Structure formats: C-alpha cells, structure tokens
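> Please work out how this folds:
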Amino acid sequence: MKPDQNFSISIKADRLAFGAVFLFEHLDFTLKKNEWTCLLGPSGVGKTTLLRIVADLVPNIKNVIAKCSDNKPLNGRTSYMAQDDLLLPWLSVLDNVLLGYKLRSKQGDRSKALNLLQMVGLSSNIDDLPDKLSGGMRQRVALVRTIMENRPVVLMDEPFSSLDAITRVRMQDIAADLLGDRTVLLITHDPMEALRLGDRIHILSGRPVKFITPIIPEGTRPRSITDTQLLKEQASLLTRLSNASTLDLG
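Sure, this is the predicted structure:
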C-alpha cells in the first residue's frame, strides 16, 4: 500500500541559531513532492541540522515554521536514516529491518523484508547479529529498514558513505527505483551521487547559510555515471564545493 504523497514541505525562519552558532538567515526551504532534494556542503555547515529540523528531531527550536502543503502534520509521515546505522546489537538483521513495526505493535511484511534484503545482497545474513557485519553491510540493513517504513517522506544522511564504489552505485540505483515516487531529502558529500540522484541540488556554505538558486540536473534519476555531460557537471560542482569550503575556512 502506497502512502499519501500529495504534499510538499516548507521550512521558514528569519534567523536560526544554536547557542552562539548562527546557522541560517532568511531560511526559505521547500521539499517539492515526489522529488529528490540533495544538500551538499562542507562539514559543520548545517546540513544535518536542517534534515533533523524536517524530521522534528531538534528540541526546543524557536522561530521556525514547518508546514505541509496539505495542512496535515508531518509527524508520522517520515522515515529517517541517520549517519550511524543505529542497529540494535541484540537483534538479527531481519529483526532490525522489522523493528519499526515491532515498536508500533504491528505485523511487518516479512516476505517484503526478505525480498529487499536479497536485493541488497544480504539474503544469507538475515539471522546474523550486527557485530558479524561490515560497516557497509550494516548500512545496507539500515537502508532496507528505511525503505520498509513505507513513508511518503524519506530523510537520509549520507546513506551510502560506508559502501565501496561499485556497491554504492548499485544501492543508489535500488534506492532510486524503490523510492522513485517519494519525497526525499538526501545529504551527501559526493557530487556525483547528488548529480545521479538529485532533482535539485543545494550547495550550503557560509555562516550564516543563505540558500541560492539550486542546481537542477538534466535527465531522470538515476543518471548514468558514464554520461559525459554528468562528468562535466561533476567537475563544475567540485569547483563550487572547493570554493565554498575555502570561504568557510577563511
């Protein structure tokens, strides 16, 4: 069953600071429905903070207006994949994938979970505990758990960072396929990943961060890594990121 997906999300704030750290000014950020929005920028610029604001994981936040276009609350309509895999060490791979359902006292779709684990190459590990898995395998389990939640909005913080190059491309393709009709906010440090998956790409830099016109790659996701135009765009994006990092270090 597909969730209701017919809404976008807007986040607005005149100023947003945490203690003495002034992160955003004139924040006016929109997640367009059924699109993948990617955030790129130096570490510490505020990417994860913005994602956590959308996920409603920042306590006691003030002066921020978050609104869904259908005027319904966002609570209960997002799935969140953090930088850490957050697997429970005493649960098997399969039980970790179905954890959300257990916490809600609901019956998870075991056959769907097994199918997804097979897709990501973990069908022989369903009974393993997390300490038997490599970092990349644990990250694939976390990705399957995120997909299993079946929410209209998916928030992912560097979901493919622990994977080798070939596996990363494969997992990007799987995520693009299975989450193709969802509204996705993706944090990444990989320009090619953003160009392959993003419908719009925001480069965050400066303090406070100010949003500028996003980059909108041509074509449909996932774009081919052998596309010569994509390689040119990657070089341009790397230059812009390098300039942004230089400004932040200065």
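
> pLDDT on the longest helix along the chain, on average?
Assignment by DSSP state H gives helix 228-249 as the longest helix of the chain. Across helix 228-249, pLDDT averages out at 78.

> Give me the contacts around that helix.
40-42, 44-45, 191-192, 194-196, 201, 203-207, 215, 217-218, 223-224 (Cβ atoms under 8 Å, 6 or more residues apart in numbering). For the C-beta atoms, the positions are set from N, CA and C on the backbone; glycine is no exception.

> So, low pLDDT: which residues of the protein?
Applying pLDDT under 70 to the chain flags the ranges 1-3, 244-250.

> Please enumerate the strands of it.
9-18, 21-31, 36-40, 65-68, 78-81, 153-157, 183-187, 200-203 (DSSP state E).

> Please tabulate the ones you listed in JSON lines, including the columns distance to residue 132 and mean neighbour count.
As requested, these are exported to JSON lines (distance: least, Cβ to Cβ, whole Å; neighbours: other Cβ atoms under 10 Å):
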{"stretch": "strand 9-18", "distance to residue 132": "38", "mean neighbour count": "16"}
{"stretch": "strand 21-31", "distance to residue 132": "37", "mean neighbour count": "17"}
{"stretch": "strand 36-40", "distance to residue 132": "32", "mean neighbour count": "25"}
{"stretch": "strand 65-68", "distance to residue 132": "40", "mean neighbour count": "15"}
{"stretch": "strand 78-81", "distance to residue 132": "21", "mean neighbour count": "21"}
{"stretch": "strand 153-157", "distance to residue 132": "24", "mean neighbour count": "23"}
{"stretch": "strand 183-187", "distance to residue 132": "28", "mean neighbour count": "24"}
{"stretch": "strand 200-203", "distance to residue 132": "37", "mean neighbour count": "21"}
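
> Any chance of those in TSV with distance to residue 90 as columns?
Converted to TSV, these look like this (distance: least, Cβ to Cβ, whole Å):
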stretch	distance to residue 90
strand 9-18	34
strand 21-31	35
strand 36-40	34
strand 65-68	35
strand 78-81	21
strand 153-157	24
strand 183-187	29
strand 200-203	39
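
> Show me the one of these that comes nearest residue 96.
strand 78-81 (12.7 Å; Cβ to Cβ).

> Residues touching that closest one, excluding its own?
With Cβ under 8 Å, 6+ apart as the criterion, strand 78-81 contacts 51, 54-57, 142-143, 145-147, 149-157, 159.

> now do stretch 136-148
Residues outside stretch 136-148 that contact it (Cβ under 8 Å, 6+ apart) are 79-81, 85-87, 93, 96-101, 108-109, 112-113, 116-117, 120-122, 125, 130, 133, 154, 156, 159-164, 167, 171, 175, 178-179.

> just checking, which of those belong to helices?
Using DSSP H, those in helices are 93, 96-97, 99-101, 112-113, 116-117, 167, 171, 175, 178.

> farthest pair in these?
Checking these with Cβ to Cβ, the most distant pair is 101 and 167, at 26.6 Å.

> just to revisit the earlier point, from the contacts of stretch 136-148, list the buried ones, please.
Neighbour counting by 16 or more other Cβ atoms under 10 Å classes 79-81, 85, 87, 93, 96-101, 108, 113, 116-117, 120, 122, 125, 130, 133, 154, 156, 159-163, 167, 171, 175, 178-179 among these as buried.

> what separates residue 8 from residue 95, distance-wise?
Distance, residue 8 to residue 95, by Cβ to Cβ, to the nearest Å: 35 Å.

> Tell me which residues touch the most centrally placed residue in the chain, please.
The residue lying closest to the centre of the chain (Cα atoms, centre = their mean) is residue 156, at 2.0 Å. Neighbour list for residue 156: 80-81, 146, 184-187 [criterion: Cβ under 8 Å, 6+ apart].
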